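[1] Build the 3D model from these lines:
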Amino acid sequence: MIDLNSLVDLPQGLSLSAAYGINNAGQVIAIAVPEPETYAMLLAGLALVGFTARRKKAEVRI
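    Predicted coordinates:
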């Protein structure tokens, strides 16, 4: 077995999690998922956007 992550140059924050097939040309079908740190940053950003929107909505009511 070979770690496919060592063979490809993925964008930072992604890693291959599973390979599903290979064709006659040697091309592999795989799934790339964000690393846990990326999920944490995404959730923090969404929380910040939600907080900001809620705060602006409360200011409009006053």
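[2] can you tell me which strand in the chain is longest?
    When the chain is scanned for its longest strand (criterion: DSSP state E), the result is strand 14-22.
[3] Partner strands of that strand and their direction?
    Taking DSSP bridges as the criterion, strand 14-22 pairs within the sheet with strand 28-34 (antiparallel).
[4] which residues touch the partner strand?
    4, 10, 13-22, 42 (Cβ atoms under 8 Å, 6 or more residues apart in numbering). Bear in mind the C-beta positions are built from the backbone N, C-alpha and C, glycine included.
[5] Farthest pair within these?
    I22 and L42 (31.0 Å; Cβ to Cβ).
[6] pLDDT weak spots in this protein?
    58-62 (pLDDT under 70).
[7] now do 90
    Scanning the chain for pLDDT under 90 picks out 1-20, 26-46, 48, 50-62.
[8] The helix or strand hosting L48: how far from the chain's middle?
    Per DSSP states H and E: L48 is located in helix 36-61. Distance of helix 36-61 from its chain centroid, counting by Cα atoms, centre = their mean, to the nearest Å, is 18 Å.
[9] now stretch 13-31
    17 Å.
[10] do stretch 26-41 as well
    The answer for stretch 26-41 is 6 Å, by Cα atoms, centre = their mean.
[11] Among the contacts of strand 28-34, name the buried ones.
    Buried residues within the contacts of strand 28-34, counting neighbours by 16 or more other Cβ atoms under 10 Å: L4, S15, L16.
[12] can you redo those residues as JSON lines with distance to E37?
    Listed next are those as JSON lines, based on distance: Cβ to Cβ, whole Å:
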{"residue": "L4", "distance to E37": "20"}
{"residue": "S15", "distance to E37": "11"}
{"residue": "L16", "distance to E37": "16"}
